[in-house]
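> sequence first, then the predicted structure:
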Amino acid sequence: MTLALDLLLAGAILVVAAWTVAARDGFAACFGFVATGLLLALAWVRLGSVDVALTEAAIGAGIGGVLLLNAAARLRGQETVDPGDVARPWQARGIAALCTAVAVALAAVLLALPVPAPGLAPAAAAALPPTGLGNPVTATLMTWRALDTLLEAVVVLLAVIGVWSLAPDAAWGGRPGPQVPPAEGPLALLARVLPPIGLVIGLHIVWAGADGPGGKFQGGAILAAMWVLAWMAGLVRPPPVGSRRLVLALVAGPAVFLMVGLAGLALAGSFLALPAGFSKPVILAIEAPLTLSIATGLALLLLGPPARAA
């Protein structure tokens with residue numbers, strides 16, 4: 001029964017992914033992208049990687065899907081197709097054959113791996129006790145891959161700056177996104193009921209990430225979604241991009257992370273090294289402002305560039 005469900009899930013992923021690639025309408029392709037991400041999240045759950053599943057559902061399918069839908073809405077009616085840019089039938093078949101060959105080769109390599117497959121999981125588990133954390137994923141991201149995690153937070157900040165740079169000169173310093181009138185009906189009800197629940201769930205996911213599935217990116221995505229929901233219902237207004245509190249929320253996480261990394265040079269002998277015996281409280285102290293910065297950055301990415309004066 002389990003094998004049948006796994007085969008059904010794998011087949012659904014392939015079918016939906018192929019349909020998404022073949023879709024000619026931008027909105028249809030975006031919805032296919034979201035559906036593929038959610039199916040991949042289920043596949044990661046079946047593989048026992050709940051952290052990856054949460055990230056795929058929240059960031060890949062959730063935030064990524066909304067960004068693509070936003071882009072498709074902005075480009076709708078402006079898309080022009082040059083006949084010279086349309087692939088000829090033999091080109092399309094060649095690309096399809098190449099993609100199929102790559103997929104078959106990857107599948108053959110994976111099937112040829114020994115069982116259990118070699119990896120660094122035993123080494124990561126053996127080095128887990130000194131960190132005081134119960135989740136090897138969080139321990140890996142905040143210790144051995146701390147530089148990678150720092151750069152990921154910086155990328156979110158740079159992405160927001162890139163989006164803001166698209167604002168017209170007259171709107172610079174204003175509020176991002178269009179002005180939304182107060183909503184009525186189901187949207188207004190959801191915007192009043194869901195954010196308190198989402199706030200608790202998001203913070204719980206961040207806190208639980210120290211010892212179980214969860215973390216700052218997953219929790220931050222949920223917090224960003226709740227804020228955007230309240231904005232869509234007209235219950236809150238985004239602050240001006242020149243607001244000091246907004247800028248502080250954006251840079252707090254990377255700044256604290258960087259300061260801890262520099263402190264590691266003096267206290268532990270290397271950049272981003274954590275002092276022995278204090279790893280867990282230091283990591284939690286880093287993740288709190290990182291969650292704020294990630295949630296703020298993701299929400300601002302969804303709102304888009306400043307569209308009106310403050």
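Everything's here; your move. Numbers count the residues shown, from 1 in each chain.

> buried set for stretch 243-254?
Leu246, Ala249, Leu250, Val251, Ala252, Gly253, Pro254 (16 or more other CB atoms under 10 Å). (C-beta placed from N, C-alpha, C; glycine too.)

> residues contacting the fourth one?
If a contact means CB atoms under 8 Å, 6 or more residues apart in numbering, then Val251 has Leu157, Ser293 as its contacts.

> how about residues contacting whichever strand or helix holds Asn70?
Assigned by DSSP states H and E, Asn70 belongs to helix 64-75. The contact list for helix 64-75 (CB under 8 Å, 6+ apart) reads Gly26, Phe27, Ala29, Cys30, Phe31, Phe33, Val34, Gly37, Leu301, Leu302, Gly304.

> mind checking how far that helix is from the chain centre?
Offset of helix 64-75 from its chain centre (CA atoms, centre = their mean, to the nearest Å): 15 Å.

> can I get the CA coordinates of the following helix or strand past it in CSV?
Next along the chain after helix 64-75, taking DSSP H and E as the criterion, comes helix 89-112. Provided in CSV are the C-alpha atoms of helix 89-112 (Å, rounded to 0.1, in the frame of the first residue of the first chain):
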residue,chain,number,x,y,z
PRO,A,89,9.2,21.5,-33.8
TRP,A,90,12.6,19.8,-34.1
GLN,A,91,14.0,22.2,-31.5
ALA,A,92,11.2,21.4,-29.1
ARG,A,93,11.7,17.7,-29.6
GLY,A,94,15.4,18.0,-29.1
ILE,A,95,15.0,19.9,-25.8
ALA,A,96,12.5,17.4,-24.6
ALA,A,97,14.8,14.5,-25.5
LEU,A,98,17.7,16.2,-23.7
CYS,A,99,15.7,16.8,-20.5
THR,A,100,14.4,13.2,-20.6
ALA,A,101,17.9,11.9,-21.0
VAL,A,102,19.2,14.0,-18.0
ALA,A,103,16.2,12.8,-15.9
VAL,A,104,16.9,9.1,-16.8
ALA,A,105,20.6,9.5,-16.0
LEU,A,106,19.9,11.1,-12.6
ALA,A,107,17.4,8.3,-11.8
ALA,A,108,20.0,5.7,-12.8
VAL,A,109,22.6,7.2,-10.6
LEU,A,110,20.3,7.4,-7.6
LEU,A,111,19.1,3.8,-8.1
ALA,A,112,22.8,2.7,-8.2
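
> identify the residues contacting the following helix or strand past helix 89-112?
Per DSSP H and E, the first helix or strand lying C-terminal to helix 89-112 is helix 121-126. If you take CB under 8 Å, 6+ apart as the criterion, helix 121-126 is touched by Pro136, Ala139, Thr140, Trp144.

> just these now: which is nearest Val21?
For the contacts of helix 121-126, the minimum distance to Val21 (CB to CB) is 32.6 Å, reached by Thr140.
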